[in-house]
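Trainee: Here is my input, please return the structure:
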Amino acid sequence: MKLTNRVLVVGLGLIGSSFAQAIKHTGLVGEVIGVSRSPSTLFKALDMGVVDRCEEQLSTALAQLSAGDVVMIATPTLTVKSILQQCGDALRRGVVVTDGASVKGNIEQDARSMFPAEHLRHLVLGHPIAGSEKSGVEAANPKLYINHRVILTPLPETDAESLELVTKLWQACGAVVNAMSVQEHDLVLAATSHLPHVLAFALVDALSQQKENHDIFKYAAGGFKDFTRIASSDPMMWHDILLANSDAVLERMDQLQQQLEWMRKAILAKDSDAILSSFKRANAAREHFLNLYQNLGA
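Mentor: Numbering: from 1, shown residues only. Here you go, the predicted model:
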């Protein structure tokens, strides 16, 4: 049985195109339609088999949807607002709207200011915890979400049928689906995703401005490469994420700054026990995380 007749994916970067291609491969959706501002992106999406067909205008695509169909907004975080505005003006009753943005609080606020109560019933905000340093439709990977978590943050108004439909679509992509509140999501992701990106970008930027940067990078070992890998991520995307989730990110940065100051004092005092205890706690916490990650699909 088909899960839904049509899925409209707005934005065909890594997240959107991978979702589109994954659900297309399942055969559980009647038709997958892609929308992008870039004609070349639409051409590539068709050529690669990412979608069944494309529309250049969002309004044209929205007019083709009916109750039970799904709109997946996969545009950069700060552009979701304009897509919601267009959906609010043209969305038919019963069409489910979801998204893949990394921050949820600003999107909930925008949706509440633009959507009537009926549309809010079918709004299922979400965030796939998967990605790559690569971007664009060329990076489409139908296996991207297998055994990766997807966090759904339904609103109090969200009806059970809409939540179930979006859940099943992600599960069909191979994802492990969890639910939490919008507020909890933004705090958790500030710590586990947004803050690490800040650190990676800041470290590479700081070292690149040192006079001896040639030797620094020349003799950097694998650990430096692993730690700074995410500094290769799309700068504009992460610029948008940090601005959208600034309060939570600043809170996490303040907490880390306190920890760094504590460590600085311990090193200055040559407090061997304090330093070793901190490292052992971190080591144990890291092993615990790895066990959780490895058992994700169990």
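Trainee: mind checking the SS state of the closest residue to residue 151 other than its chain neighbours?
Mentor: Nearest non-adjacent residue to residue 151, counting by Cβ to Cβ, 6 or more residues apart in numbering: residue 127, 4.9 Å away. C-beta: built from backbone N, CA, C; applies to glycine. Here residue 127 is recorded as strand under DSSP: H, G, I helix; E, B strand; the rest coil.
Trainee: domain parsing for this protein?
Mentor: Annotated domains of the chain cover 4-180, 185-294 [automatic domain parsing].
Trainee: looking at the ones you listed, which is buried most?
Mentor: domain 4-180 (a mean of 19; mean count of other Cβ atoms under 10 Å).
Trainee: Surely the residue nearest to residue 151 is in contact with residue 100?
Mentor: Yes - counting by Cβ atoms under 8 Å, residue 100 is a contact partner of residue 127 at 6.4 Å.
Trainee: Go ahead and flag the most central residue of the chain.
Mentor: Nearest to the mean C-alpha position of the chain, counting by Cα atoms, centre = their mean, stands residue 102 at 3.9 Å.
Trainee: Am I right that that residue is in contact with residue 188?
Mentor: No - look at residue 102 against residue 188 with Cβ under 8 Å: they stay out of range, at 11.4 Å.
Trainee: For the helix or strand bottoming out on mean pLDDT in the chain, give me every contacting residue.
Mentor: Lowest on mean pLDDT, DSSP states H and E among the helices and strands of the chain sits helix 213-218, with a mean of 83. By Cβ atoms under 8 Å, 6 or more residues apart in numbering, the list of residues contacting helix 213-218 from outside reads 207-208, 210.
Trainee: Low-confidence ranges, the protein, go.
Mentor: For the chain, the stretches with pLDDT under 70 are 132-133, 296-298.
Trainee: helix or strand for residue 71, which one?
Mentor: Following DSSP states H and E, one finds residue 71 within strand 70-73.
Trainee: What is that strand packed up against?
Mentor: Packing contacts for strand 70-73, counted by 3 or more Cβ pairs under 8 Å, 6 or more residues apart in numbering; DSSP states H and E, involve strand 4-10, helix 14-26, helix 80-90, strand 96-99, helix 160-172.
Trainee: and that strand, which strands flank it?
Mentor: Under the criterion DSSP bridges, strand 70-73 sits next to strand 4-10 (parallel), strand 96-99 (parallel) in its sheet.
Trainee: Centre of the chain to stretch 48-65, how far?
Mentor: 22 Å (Cα atoms, centre = their mean, to the nearest Å).
Trainee: Keeping just the C-alphas, turn that stretch into CSV.
Mentor: Output of stretch 48-65 as CSV, limited to C-alpha atoms (Å, rounded to 0.1, in the frame of the first residue of the first chain):
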residue,chain,number,x,y,z
MET,A,48,19.9,11.4,-11.6
GLY,A,49,16.5,9.9,-10.9
VAL,A,50,16.2,11.8,-7.6
VAL,A,51,12.6,12.8,-8.3
ASP,A,52,9.8,11.7,-10.7
ARG,A,53,9.3,15.2,-12.0
CYS,A,54,10.0,18.9,-11.2
GLU,A,55,8.2,22.2,-11.0
GLU,A,56,9.9,25.5,-11.2
GLN,A,57,7.2,27.4,-9.3
LEU,A,58,6.2,26.3,-5.8
SER,A,59,2.7,27.7,-6.2
THR,A,60,2.1,25.5,-9.3
ALA,A,61,3.3,22.4,-7.4
LEU,A,62,1.2,23.2,-4.3
ALA,A,63,-1.9,23.5,-6.4
GLN,A,64,-1.5,19.8,-7.4
LEU,A,65,-1.6,18.5,-3.9
